[in-house]
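Chemist: Sequence first, predicted coordinates after that:
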Amino acid sequence: MSTGANAGAAAIEVRDLAKSFVLHNQGGAELQVLSRRTLEVHAGECVALQGRSGSGKSTLLKCLYANYRASAGSIRIGGTDVTHASPRELLRLRRETIGYVSQFLRVIPRVPALAVVAEPLLEDGPYDERAATHARQEAEQLLLRLRVPMRLWSVAPATFSGGEQQRINVARGLIRKRPVLLLDEPTASLDAENRFTVITLINEARAAGAAIVGIFHDREVRDAVATRVLDMEAA
Amino acid sequence: MSEPLLRAAGVTKRYGARTAVDEVALELWPGEVMAVVGESGSGKTTLLDCLSGRLRPDAGRVEYQTRHEGLKDLYALSEAECRLLARTDWGYVHQSPDQGLRMGVSAGANVGERLMALGARHYGRIRGEAADWLVRVEMDPLRIDESPRGFSGGMRQRLQIARNLVTRPRLVFMDEPTSGLDVSVQAKLLDLLRSLTRSLPLAAIVVTHDLAVARLLAHRMMVMKDGRAVESGLTDQVLDDPQHPYTQLLVSSVLQP
């Protein structure tokens, strides 16, 4: 795992981050969602973002993934300045460094579940038969652990239930061992058994040295995975 | 590689008093797919033509990473060098397959032709490779001797893609590749394009007015309005956190099914 330039540096460093949305087509209204947010997360830590809806939890997570652009302040992840990185650097950062589990699976029509899960392991270069076989086996292992029935593996996830889609999403986000993990409600629509499996997977990733930031509404999940809680409503 | 595959700076094209493309700059790296979006008349296709050596810009520079000589100014290449690039390293997928195919010859010949232009002479091997590519674009190889005139629009478009990819280009230009097709055929073609660009891997510039196509296919996106690139970034950044008033309007105008 790459740990950035300085040994001992935090995997995620957020300084005075602000994020506002200017709605140009609605009279230029400005919504300030984050202001002066500072945060450091080290390898092996799991920080749970806490606060009522509208407090900026998802917005912070999306800024870390560079899905939203910061309005002010800085974000460094694995030594890369996310706020100033080129698209090419961001694509590499996402491929190699940041795993992200969003709340909903954005499905790709016609791609079978197994391939959706295996894909992150095959993004580094041209198609290679051995890498593809390895990726498929890893995906099978994860789908077995997450109790996704085998008859669904060859089916595109568009028609899956919410819980099944979420497990595909979790598997896709965790299959590649990356030093930073961002989790947006990874257990929201899961039953107790699968919730427990996801808790185990998250804790395994943390034990392997991942720095994790997540939103976990379920108190039981939060208590089981978080090493620290960040109150988004505190100044 | 520390230099991009394609680099454009200050690209400008005027038609009389109207500026169709106004000082556009971009860099595309190997394996990256970039969508160029905007409404009709925004300059997307003119930009694509300038980038692909089909239309000399009035100002600015387009450079391409040649296999042996590094970045070279596209409009300083000889005509022969340009033709060779277009036949080997590049592909161009037209909106209408009838423009990109030769309708008078068989499906197999449409695919094999580009190999022959590269010097392939062994008939059996050319035919074998053509059949192989028909399979890769999910066409029945038994139809290899048929004329594309008897094919549906979706099949013709897939044939055009096979014709372009058979020489393993590094960069493909696509002008609205799915817009003339039924929605169900579109999804199939998009999925095919997505898996081909990722497995080869292939860099592409895709002109489209369809944001869903951009979301599915492209890593990066550029939004054009009145000839200018008003916003660019990662596809999900531009779609989920649009900054420019025009991009915000474009994104909010899409009906979510």
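Modeler: Yep, it's here.

Chemist: so the closest residue in space to residue B:82 that isn't next to it in sequence, which of the three states?
Modeler: What sits nearest to residue B:82 in space, not counting adjacent residues and going by Cβ to Cβ, 6 or more residues apart in numbering or on different chains, is residue B:53, at 5.4 Å. C-beta here means a position set from N, CA and C on the backbone, and glycine is covered the same way. Of the three states, residue B:53 takes coil according to DSSP: H, G, I helix; E, B strand; the rest coil.

Chemist: Next up, phi/psi of residue B:53, please.
Modeler: With angles defined as degrees, to the nearest 10, residue B:53 sits at phi 80, psi 10.

Chemist: so what pLDDT did residue 7 get?
Modeler: Since no chain was named, I'll use chain A. Per-residue pLDDT puts residue A:7 at 51.

Chemist: Oops, wrong one, chain B.
Modeler: Per-residue confidence for residue B:7 comes out at a pLDDT of 97.

Chemist: cool, residue A:126 as well?
Modeler: pLDDT, residue A:126: 79.

Chemist: That one and residue B:197 touch, don't they?
Modeler: No: checked against Cβ atoms under 8 Å, the pair residue A:126 and residue B:197 is beyond contact range at 11.5 Å.

Chemist: give me phi/psi at residue 164?
Modeler: Unless you meant another one, I'm taking chain A. Note on residue A:164: backbone dihedrals following degrees, to the nearest 10 are phi -70, psi -40.

Chemist: sorry, back to before: of residue A:126 and residue B:197, which one has the most company?
Modeler: The residue with more neighbours, out of residue A:126 and residue B:197, is residue B:197; 22 against 12, by other Cβ atoms under 10 Å in any protein chain shown.

Chemist: Can you classify residue A:15 by secondary structure?
Modeler: strand.

Chemist: Touching, it and residue A:70? I think so.
Modeler: No: at 10.2 Å, residue A:15 does not count as touching residue A:70 under the criterion of Cβ under 8 Å.

Chemist: And the residue of chain A closest to chain B?
Modeler: residue A:24 (3.5 Å; Cβ to the nearest Cβ).

Chemist: list the contacts for that residue?
Modeler: B:244-245, B:248-249 (Cβ atoms under 8 Å, 6 or more residues apart in numbering or on different chains).

Chemist: Recalculate using a threshold of 10 Å.
Modeler: Residue A:24 sits next to B:242-249 when contact means Cβ atoms under 10 Å, 6 or more residues apart in numbering or on different chains.

Chemist: Those residues of chain A touching chain B, which are they?
Modeler: When proximity is defined as Cβ under 10 Å from any Cβ of the partner chain, chain A approaches chain B at A:19, A:21-26, A:28, A:59, A:62-63, A:65-69, A:71, A:86-88, A:90-92, A:94, A:106, A:108-111, A:115, A:119, A:122-128, A:132, A:156.

Chemist: PyMOL command to pick out the buried ones of these?
Modeler: In PyMOL, this line selects whichever of these come out buried by 16 or more other Cβ atoms under 10 Å in any protein chain shown:
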select buried, chain A and resi 19+21+59+62+63+65+66+67+68+69+71+87+88+90+91+92+94+108+111+115+119+122+123+156
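
Chemist: for residue 187, what are its contacts?
Modeler: Going with chain A. Contacts of residue A:187 (Cβ under 10 Å, 6+ apart): A:101, A:163, A:166-167, A:170, A:194-199, A:202, A:214, A:216-218, A:220-222, A:224-225.

Chemist: right idea, wrong chain: chain B
Modeler: Applying Cβ under 10 Å, 6+ apart, we find residue B:187 in contact with A:108-110, B:178, B:181, B:212, B:216.

Chemist: in which helix or strand would I find it?
Modeler: Residue B:187 belongs to helix B:183-199 when assigned by DSSP states H and E.

Chemist: That helix: how far from the chain's middle?
Modeler: 13 Å (Cα atoms, centre = their mean, to the nearest Å).

Chemist: Also stretch B:17-35?
Modeler: 12 Å.

Chemist: Okay, residue A:210 and residue B:33: tell me how far apart.
Modeler: Using Cβ to Cβ, to the nearest Å, residue A:210 is found at 29 Å from residue B:33.

Chemist: how about JSON lines for the contacts of residue B:187, with pLDDT added?
Modeler: Putting the contacts of residue B:187 into JSON lines (pLDDT from 0 to 100) gives the following:
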{"residue": "A:108", "pLDDT": "73"}
{"residue": "A:109", "pLDDT": "77"}
{"residue": "A:110", "pLDDT": "82"}
{"residue": "B:178", "pLDDT": "87"}
{"residue": "B:181", "pLDDT": "80"}
{"residue": "B:212", "pLDDT": "88"}
{"residue": "B:216", "pLDDT": "88"}
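
Chemist: Can you show me the helices along the chain?
Modeler: Answering for chain A, as no chain was given. Along chain A, the segments classed as helices by DSSP state H run A:57-64, A:87-96, A:113-118, A:129-145, A:162-174, A:192-207, A:219-225.

Chemist: actually it's chain B I care about, not the one you picked
Modeler: B:44-51, B:79-88, B:97-100, B:107-117, B:123-136, B:153-165, B:183-199, B:211-217, B:235-240, B:245-252.

Chemist: Chain B - how does it break down into domains?
Modeler: B:1-89+B:172-257, B:102-168 (automatic domain parsing).

Chemist: Do you know the pLDDT at the residue sitting nearest the centre point of chain A?
Modeler: By Cα atoms, centre = their mean, chain A has its centre lying nearest to residue A:100, at 2.0 Å. For residue A:100, the pLDDT comes out at 96.

Chemist: Great, nothing more from me.
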